[in-house]
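S.K.: give me a 3D structure for the following:
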Amino acid sequence: MPKQTLWGHPKGLYILFFTELWERFSFYGMRAILILYLTAKTTESNAGLGWDNVSALEIYGWYTMLVYVMSVPGGLLADRLIGQKKAVMVGGVLIIIGHFILIFPEIWAFYLGALIIILGVGALKPNISSMVGGLYKPGSEKRDTAFTIFYIGINIGAFTAPLIVGYVGEVINWNLGFGLAGVGMTLGLIVYILGQKYLKDVGNFVPLKREETTNKSVPLTTIEKDRMIVLVISFIIVMVFWAAYEQAGGLMNLYARDKIDREIFGFTVPASFLQSLHAFYVILLGVPVAYLWSKWQKKGKESSSLFKMGLGTIITGLGFLVLAGAAIETASSLDGKAAIYWMFGAYFLHVVGELSISPVALSFITKLAPIKYASLMMGAYFMVTGLGNKLAGMVGQAAENAGELTIFLGILIFCVSFGLLLIVFVKKLKKLAHGADDIEESNSIVEAD
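M.R.: Numbering: from 1, shown residues only. Now for the predicted structure:
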C-alpha cells in the first residue's frame, strides 16, 4: 500500500477523485442536454435533431443503459489484456474524442460520438473504482471512508454539470455544450497523467495464473466460491436500490413538473432543478454519514457492509412514504398540487439510503471479488446498475395506469421488506464472506503527519 498520504489517505485517492469528478462532469453534462438536443426543432436558432419524444426517449434509454453495461467488457479488457491503470487512460481518451466529435452538428457525428463515449465510459468507470480499492490493504478501516470521499467527487461533477453544460447547451449552442463536457474530461485526464507517480503500485496488469503443465486456469477456491454467492446477492441489492432511486429522473421528475407547487418566494422553480438535490445532499451528507457509521462501528454494533446496505434499502423506501404523503395531499388539495417540501424530504431520505448502499457496495465488491476477476466484477456491478435504471423506467411507466400513490406505496413496501429480510440473514451471509468484510486495525494505513 502507498506510504505517501494526505489527510490519512493515499495521495493516489485524490488523483482518482479528481479524475472521476471530471468523468462524471462529462457524463452528467451529456445526460443533461441529450434528450433536449434530440427533441429541439431543426427550425430553431439553436437547432437540434427534431425527433419526436418517443424516439428520443428510446435512444436516451439505450444510451444510459449501455454506458453501464459496457463496463463488463471494460473490466475484461483490464483483467485480461492491459490492466486497470491503462484501461482508465484508454477510456478517458475515448470519452474526449467522442465529445469533440459531437461538436459537429451532422447526424453521423451524433451516432459516432455517442458510441465512442459509451466505449470510453465502459473502459474507465469500473477500473477507476477498482483502483480505489487497490490503494488499501485487506481489512483496512479506511476503505469505506475512501469510497465515500470518492463518491463525493462523483457528485460534485453530477451537481455542476447540469448547471454549466446545461446552460451552454440549451441557451447558447447544443454542440458547444457537448464540447464543454469533453473539456471537463480533458482536465480529468491531465490530472490522472500528472498523478501517475502516486499510482505506481495500483492498477497494474496481473497475468492470469494457470496450473502447472496445463493450460487450465487456476479454479476458484471454496472461499472464493462462497464469496461469489454473496457478490450475486449484493448485485440484487444494488439493482433493487437503483430501480427505486432512479425514479428521480422519470416518475418523480414528471410528478414534480405536474403535481408539485414549485413556487418559492414568487419564483417558480424549474422541475429539472430538483434533480440537483441528489448530488447536493450527497456532498452535504457524505462525510457526516461516514462519520456516524464509524462511531457506530467503534461502539461494537453491527456495521457490516450487508447490514448497511439492508438499512440503506429501508431508508430509501421511506423516501417513498414521504412521496405517498405528497400524493395524498395532491388528491385532497383544491389545485391538485402538493407542497414542494415533500420533494426535499424524499430526496433527503433517498440520499441517506444511497450513502449506505452505493459507496459501501463499491468497497464491498473490491473486498469479495477474486483478484483475477476484480475488474470484471466491478463491471458487473455497473451492468446491474444499468439494469436497475431500465427497471426503474418500467416501474415508472406502471404509474400511468396504477397511479402515483399506488406505485409509491408499492416501492415503499418492497424496499422495506427486502431490507428487513437482508438484515435478518446478515449473520449467515457474513459467514459466506469468510471475514472479507472484517476490520483489521493493524492493517490501516499510516496517518499523515
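S.K.: dump the residue contacts of the closest residue to residue 151 other than its chain neighbours.
M.R.: If the residues on either side of it in the chain are set aside, residue 151 comes closest to residue 359, at 4.1 Å by CB to CB, 6 or more residues apart in numbering. For the C-beta atoms, the positions are set from N, CA and C on the backbone; glycine is no exception. By CB atoms under 8 Å, 6 or more residues apart in numbering, the residues touching residue 359 are 144, 147, 148, 150, 151.
S.K.: now swap in residue 171 and tell me
M.R.: Contacts of residue 171 (CB under 8 Å, 6+ apart): residue 46.
S.K.: lowest pLDDT pick from the contacts of residue 359?
M.R.: Lowest in pLDDT among the contacts of residue 359 is residue 144, which has 70.
S.K.: in this structure that one contacts residue 363, no?
M.R.: Yes - the pair residue 144 and residue 363 qualifies as a contact (CB atoms under 8 Å) at a distance of 5.0 Å.
S.K.: got any residues that touch both of these two?
M.R.: residue 305.
S.K.: burial count for residue 301?
M.R.: By other CB atoms under 10 Å, the residues close to residue 301 number 10.
S.K.: how far does stretch 413-428 sit from its chain's centre?
M.R.: How far stretch 413-428 lies from its chain's middle: 22 Å, per CA atoms, centre = their mean, to the nearest Å.
S.K.: same thing with stretch 189-209?
M.R.: The answer for stretch 189-209 is 22 Å, by CA atoms, centre = their mean.
S.K.: and residue 63, how close does it get to residue 296?
M.R.: Remark: distance between residue 63 and residue 296 (CB to CB, to the nearest Å) = 39 Å.
S.K.: neighbour count: these two, which is higher?
M.R.: Taking other CB under 10 Å, residue 63 and residue 296 do not tie; residue 63 has more neighbours (18 against 14).
S.K.: can you pull the contacts of that one?
M.R.: Residue 63 neighbours (CB under 8 Å, 6+ apart): 34, 114, 118.
S.K.: now, which of these sits nearest residue 204?
M.R.: Set against residue 204, the nearest of these by CB to CB is residue 118 (26.1 Å).
S.K.: now the residue nearest to residue 151: which helix or strand?
M.R.: helix 358-368 (DSSP states H and E).
S.K.: quick check: next helix or strand after that helix?
M.R.: helix 374-402.
S.K.: average pLDDT across that following helix?
M.R.: Rounded mean pLDDT across helix 374-402 is 77.
S.K.: export the helix or strand following that helix to CSV, keeping only CA atoms.
M.R.: Counting by DSSP H and E, the next helix or strand C-terminal to helix 374-402 is helix 404-424. Output of helix 404-424 as CSV, limited to C-alpha atoms (Å, rounded to 0.1, in the frame of the first residue of the first chain):
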residue,chain,number,x,y,z
GLU,A,404,-48.6,7.5,-8.4
LEU,A,405,-49.9,6.8,-4.9
THR,A,406,-50.1,3.0,-5.6
ILE,A,407,-46.6,3.0,-7.1
PHE,A,408,-45.1,5.0,-4.3
LEU,A,409,-46.6,2.7,-1.7
GLY,A,410,-45.6,-0.4,-3.7
ILE,A,411,-41.9,0.7,-3.8
LEU,A,412,-42.1,1.5,-0.1
ILE,A,413,-43.4,-1.9,0.9
PHE,A,414,-41.0,-3.8,-1.4
CYS,A,415,-37.9,-1.8,-0.3
VAL,A,416,-38.7,-2.1,3.4
SER,A,417,-39.5,-5.8,3.2
PHE,A,418,-36.4,-6.5,1.1
GLY,A,419,-34.2,-4.6,3.5
LEU,A,420,-35.6,-6.3,6.6
LEU,A,421,-35.1,-9.7,5.0
LEU,A,422,-31.5,-8.9,4.3
ILE,A,423,-30.8,-7.7,7.9
VAL,A,424,-32.4,-11.0,9.2
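S.K.: now stretch 114-126, how far from the chain's geometric center?
M.R.: The chain centroid and the centroid of stretch 114-126 are separated by 14 Å under CA atoms, centre = their mean.
S.K.: what lies in contact with it?
M.R.: Outside stretch 114-126, the residues that reach it (CB under 8 Å, 6+ apart) are 23, 26-27, 30, 63, 66-75, 77-78, 87-88, 90-99, 101-102, 375, 378-379, 381-382.
S.K.: okay, buried residues for it please.
M.R.: 114, 116, 117, 118, 119, 120, 121, 122, 123, 124, 125, 126 (16 or more other CB atoms under 10 Å).
S.K.: all helices of the stretch 101-250 of the chain, in order?
M.R.: Along the stretch 101-250 of the chain, counting by DSSP state H, counting those that start in this stretch, helices occupy 107-134, 143-167, 174-194, 222-245.
S.K.: format these as TSV; extra columns: distance to residue 305.
M.R.: As requested, the helices of the stretch 101-250 of the chain are exported to TSV (distance: least, CB to CB, whole Å):
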stretch	distance to residue 305
helix 107-134	12
helix 143-167	8
helix 174-194	28
helix 222-245	8
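S.K.: comparing these, which gets the lowest mean pLDDT score?
M.R.: Across the helices of the stretch 101-250 of the chain, the lowest-scoring stretch is helix 143-167, with a mean of 81.
S.K.: chain center to that one: distance?
M.R.: Centre to centre, stretch against its chain (CA atoms, centre = their mean), the figure for helix 143-167 is 10 Å.
S.K.: now the angle from it to helix 358-368?
M.R.: 130 degrees (axes from the mean of the first three to the mean of the last three CA atoms, to 10 degrees).
S.K.: where along the stretch 1-150 of the chain do the strands fall?
M.R.: 5-6, 9-10 (DSSP state E, counting those that start in this stretch).
S.K.: between the ones you listed, which gets the lowest average pLDDT?
M.R.: Among the strands of the stretch 1-150 of the chain, strand 5-6 scores lowest, with a mean of 58.
S.K.: could you find the closest non-adjacent residue to the residue positioned nearest the centre of the chain?
M.R.: Centroid-nearest residue in the chain: residue 358, 7.0 Å away (criterion: CA atoms, centre = their mean). Spatial nearest neighbour of residue 358, excluding adjacent residues (CB to CB, 6+ apart): residue 151 at 6.6 Å.
S.K.: got a list of contacts for stretch 392-399?
M.R.: 61, 242-247, 249-251, 254, 406-407, 411.
S.K.: rewinding a little: contacting residues around the residue nearest to residue 358?
M.R.: Applying CB under 8 Å, 6+ apart, we find residue 151 in contact with 282, 286, 355, 358, 359, 362.
S.K.: how does it look with 10 Å?
M.R.: 17, 20, 129, 132, 282-283, 286, 290, 354-355, 358-360, 362-363 (CB atoms under 10 Å, 6 or more residues apart in numbering).
S.K.: wait, which of those residues is closest to residue 106?
M.R.: Nearest member of those to residue 106, counting by CB to CB, is residue 20, at 31.1 Å.
S.K.: any idea how far that closest one is from residue 153?
M.R.: For residue 20 relative to residue 153 (CB to CB), the value is 5 Å.
S.K.: can you check residue 398 too?
M.R.: Distance from residue 398 to residue 153, by CB to CB: 35 Å.
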